[in-house]
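> return atomic coordinates for the entry below.
(2 chains)
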Amino acid sequence: MSQETLRIQKISGHAGSVPGEDTQRQYTVCKLIDTTTCIGCKACEVACMEWNDLPFGETVFDNSYQTMPETRWNYWNLILFNEHEREDGSLMWLMRKNQCMHCAEPGCLAACPSDGAIVQYTNGIVDFQQDKCIGCGYCITGCPFNIPKFNKETKRVYKCTLCTDRVSQGLEPACIKSCPTGCLHFGSKDDMKYLAEQRAKQLRDHYNFPKAGVYDPPGVGGTGVIYVLHDASQPELYGGLPKDPRIPLSVKLWKGPLKWLGNIAMVGGLIGLFAHYLRYGPKEREEEAKEPHEGAQP
Amino acid sequence: MSEHADQILPHGRVLRYPFGERLNHWIAAFSYIYLLLTGLAFWSPWLFWIAVLMGGGQISRTLHPWAGLIFFYAVARMHGYWSAQMKNTEVDKQWWRSISHYVQNEDDKMPPAGRYNAGQKALFWSFFYAAIVLLLTGIVLWFPEWIPWNLRWLRYISVFLHPVAALFTIANFLIHIYMSAFAERGAFGSVIHGDVTLHFAKRYHPAWYDEIVRRANAPRK
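Numbers count the residues shown, from 1 in each chain, chains lettered A, B, ... in the order given. Just a heads-up that it's a prediction; the model follows:
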């Protein structure tokens, strides 16, 4: 999704400064998902496919509401249904709308080598620019949430855009618009954070969910999608939501120290070899080497 | 007449690399240079323009793994040609101990090298093992979407080890180019025409030279 109206604060694989960095203050936008009021109706899934005009793929049936195991290149928004047995033996359904988390420090963007294939707008939305994507799949490795998905035909990677095209026009994302229970909210990060904390407090104080809390993982700088969970101490219960997501250490080492060490070694090596040539020269000068017809029979 | 290695040629020359070995060397060389250029493009944003020159990021991404297979094929063939000659010997240990003389072009103070000196052997094995690491990690990076989520550590390892192994080959590659094209006059020609002068053999590979001479003078079986 190319959105010229939105300013950009981070660019993948980009040498030099970022044109939109610090030129304008903008609200960081945020989607709030209250898992405690989600009824799993999948209206958000339909709205996402409709608005983004995504082709429908095959579903699977394994005796559950889970009609596909995870998001796909053409299915960016998927509710994960998790049956959970509580301590008192009663059954509880944990439903989580899964999609791109729009990290403040996106691992996909850090890992991407292609200039401008992944951008982060000043409002915090992380967006893939498929025209610049080279299909290497490094974003898949950089993402701690298993979100970017590869299309084998186009050889590009796709994911939720947080409806960049709608947000840039002052509208809320399509999923938010469609939610019948009001478990989805959209606004500034500060407002959503406040709202989420209020709801978590309500759950703790009045609904017998003493561990209720807000999921806004600091390991990735906070996210542009935050959850209210019944039990914030066990996010894994919600379809494997990672407890402390971070950009993988190997990706950080590769893009950090290794890059510097490697560059210094390569440039230093070239300089070193040139200096060696200046100091010692070739092992033998050409005129010495040409001893005419040193006989084959010594 | 077919070529064979160590064959003494007219005009005081000796065949060092028969045609098959030369061709294979250049298959490895050209595929490596393509891999190096496209790899550097993916390595740093400051070098991404190389991918643009090479036909665009998508083309580079698509062809890099195939070039990698060609490179690995050539390296595997090199292993077939040369691994027996690349075994480390007692002379090689002495060679490493005298490395400072070698660096200062005091070759007369070096122990007599055979067909390959210890540095060349190290280059060979470095490239061989690095190529294996590059192949294995490269296959993972080729098809990241096939790696299931619970095996994602494979991707984490590969994304780090692939550039580490590549940097290791770059260090070797630079030294290899420097030694063969600049430091040892005649070495570059040996992998083009296949032959070196007997003087070159005596100068850089005295034990090999002695071997050639011994065999040339020995009565035919």
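
> A:K132 contacts A:A117, correct?
Yes - counting by CB atoms under 8 Å, A:K132 touches A:A117, with 4.2 Å between them. Where C-beta positions appear, they are placed from N, C-alpha and C, glycine not excepted.

> more crowded one of the two?
A:A117 (28 against 20; other CB atoms under 10 Å in any protein chain shown).

> tell me the phi and psi of that one?
phi -70, psi -30 (degrees, to the nearest 10).

> OK, contacts around it?
A:S12, A:G13, A:F128, A:Q129, A:Q130, A:K132, A:C133, A:I134 (CB atoms under 8 Å, 6 or more residues apart in numbering or on different chains).

> got the CA coordinates for stretch B:40-53 in PDB?
Coordinates of each C-alpha in stretch B:40-53 appear next as PDB, following Å, rounded to 0.1, in the frame of the first residue of the first chain:
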ATOM      1  CA  LEU B  40      26.800  -7.300  -0.500                       C
ATOM      2  CA  ALA B  41      23.700  -5.600  -1.900                       C
ATOM      3  CA  PHE B  42      21.600  -7.500   0.700                       C
ATOM      4  CA  TRP B  43      24.200  -7.000   3.400                       C
ATOM      5  CA  SER B  44      24.100  -3.200   3.600                       C
ATOM      6  CA  PRO B  45      21.700  -0.500   2.600                       C
ATOM      7  CA  TRP B  46      24.700   1.500   1.400                       C
ATOM      8  CA  LEU B  47      25.400  -1.200  -1.100                       C
ATOM      9  CA  PHE B  48      21.800  -2.000  -2.200                       C
ATOM     10  CA  TRP B  49      22.500  -0.100  -5.500                       C
ATOM     11  CA  ILE B  50      24.500  -3.100  -6.600                       C
ATOM     12  CA  ALA B  51      21.300  -5.100  -6.700                       C
ATOM     13  CA  VAL B  52      19.800  -2.400  -8.900                       C
ATOM     14  CA  LEU B  53      22.800  -2.600 -11.300                       C
END
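
> now it, how far from the centre of its chain.
24 Å (CA atoms, centre = their mean, to the nearest Å).

> repeat that for stretch B:183-190.
Distance, centroid of stretch B:183-190 to centroid of chain: 15 Å (CA atoms, centre = their mean).

> what comes up buried for it?
Buried positions in stretch B:183-190, judged by neighbour count with 16 or more other CB atoms under 10 Å in any protein chain shown: B:A183, B:E184, B:R185, B:G186, B:A187, B:G189, B:S190.

> tell me where the stretch 1-150 of chain A has helices.
A:43-52, A:107-111, A:138-142 (DSSP state H, counting those that start in this stretch).

> for chain B, find the nearest of those helices.
helix A:138-142 (4.4 Å; CB to the nearest CB).

> that closest one near chain B at all?
Yes - counting by CB under 8 Å from any CB of the partner chain, chain B is contacted by helix A:138-142 at A:Y138, A:I140, A:T141.

> redo those residues as TSV? Include pLDDT and neighbour count.
Output for the residues of helix A:138-142 next to chain B, formatted as TSV (pLDDT from 0 to 100; neighbours: other CB atoms under 10 Å in any protein chain shown):
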residue	pLDDT	neighbour count
A:Y138	96	30
A:I140	96	23
A:T141	95	27
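
> nearest to A:K152, of those?
A:I140 (13.2 Å; CB to CB).

> ok, that closest one to A:V29 distance?
25 Å (CB to CB, to the nearest Å).

> chain neighbours aside, what residue packs nearest to A:G224?
Closest residue to A:G224 apart from its sequence neighbours, by CB to CB, 6 or more residues apart in numbering or on different chains: A:H102 at 3.0 Å.

> these two touch, right, that neighbour and A:T161?
No - the pair A:H102 and A:T161 fails to qualify as a contact (CB under 8 Å) at a distance of 9.5 Å.

> if I look at those two, which residues touch both of them?
Joint contacts of A:H102 and A:T161 (CB under 8 Å, 6+ apart) are A:I125.

> compare these two (neighbour count), which wins?
A:H102 (27 against 23).

> so who does the more buried one touch?
A:K31, A:G124, A:I125, A:V126, A:C160, A:L162, A:T223, A:G224, A:V225.

> who touches the second one in this structure?
Remark: with contacts taken as CB under 8 Å, 6+ apart, A:G124 is in contact with A:T28, A:V29, A:C30, A:H102, A:A104, A:K189, A:G224.

> out of the residues you listed, who's nearest A:L261?
A:A104 (27.4 Å).

> show residues contacting the worst-scoring helix or strand of chain B on mean pLDDT.
Ranked by mean pLDDT, DSSP states H and E, the weakest helix or strand in chain B is strand B:8-9, scoring a mean of 83. If you take CB under 8 Å, 6+ apart as the criterion, strand B:8-9 is touched by A:A296, B:V14, B:L15, B:D195, B:L198, B:I212, B:A216.

> recalculate using a threshold of 10 Å.
Strand B:8-9 is touched from outside by A:296-297, B:3, B:14-15, B:193-198, B:201, B:212-213, B:215-216, with contacts defined as CB atoms under 10 Å, 6 or more residues apart in numbering or on different chains.

> again with stretch B:53-65
A:13, A:113-115, A:117, A:132-137, A:155-156, B:34-35, B:37-39, B:41-42, B:48, B:50-52, B:67, B:135, B:138-139, B:141-143.

> beta-bridge partners for B:V196, please?
B:V196 has these beta-bridge partners by DSSP bridges: B:V14.

> residues near it, how many?
Counted with other CB under 10 Å, B:V196 comes out at 26.

> how close does the nearest residue to A:G135 once chain neighbours are set aside get to A:I134?
Spatially, and ignoring its direct neighbours in sequence, A:G135 is nearest to A:K155 (3.8 Å; CB to CB, 6+ apart). Counting by CB to CB, the separation of A:K155 from A:I134 is 8 Å.

> which strand or helix spans B:A131?
helix B:118-142 (DSSP states H and E).

> go on, A:Q198?
Residue-wise, A:Q198 maps onto helix A:189-206 under DSSP H and E.

> give the next helix or strand downstream of that helix.
strand A:213-215.

> can you give the strand pairings for that next one, parallel or anti for each?
Strand pairing (DSSP bridges) places strand A:213-215 next to strand A:225-229 (antiparallel).

> state the mean pLDDT of the strand it pairs with.
Throughout strand A:225-229, pLDDT has a mean value of 97.

> for the record, mean pLDDT for stretch A:259-277?
Across stretch A:259-277, the average pLDDT comes to 96.

> and which of the contacts of A:A117 is nearest chain B?
Of the contacts of A:A117, the one sitting nearest to chain B (CB to the nearest CB) turns out to be A:I134, at 3.6 Å.

> does the closest one touch A:S114 like I think?
Yes - taking contacts as CB atoms under 10 Å, A:I134 lies within contact range of A:S114: 4.6 Å.

> mind saving the C-alpha coords of the helix or strand hosting A:G269 as CSV?
Per DSSP H and E: A:G269 is located in helix A:257-280. Written as CSV, here are the backbone C-alpha positions of helix A:257-280 (Å, rounded to 0.1, in the frame of the first residue of the first chain):
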residue,chain,number,x,y,z
PRO,A,257,27.7,-5.7,15.8
LEU,A,258,28.3,-8.1,12.9
LYS,A,259,27.6,-5.4,10.3
TRP,A,260,30.2,-3.1,11.9
LEU,A,261,32.7,-5.8,12.4
GLY,A,262,32.2,-7.1,8.9
ASN,A,263,32.5,-3.6,7.3
ILE,A,264,35.6,-2.8,9.3
ALA,A,265,37.1,-6.1,8.4
MET,A,266,36.4,-5.8,4.7
VAL,A,267,37.6,-2.2,4.3
GLY,A,268,40.5,-2.8,6.7
GLY,A,269,41.4,-5.9,4.7
LEU,A,270,41.5,-4.0,1.4
ILE,A,271,43.6,-1.2,2.9
GLY,A,272,45.9,-3.7,4.6
LEU,A,273,46.5,-5.6,1.3
PHE,A,274,47.2,-2.4,-0.6
ALA,A,275,49.6,-1.2,2.2
HIS,A,276,51.3,-4.6,2.0
TYR,A,277,51.8,-4.1,-1.7
LEU,A,278,53.2,-0.7,-1.2
ARG,A,279,55.6,-1.9,1.4
TYR,A,280,56.7,-5.3,0.0
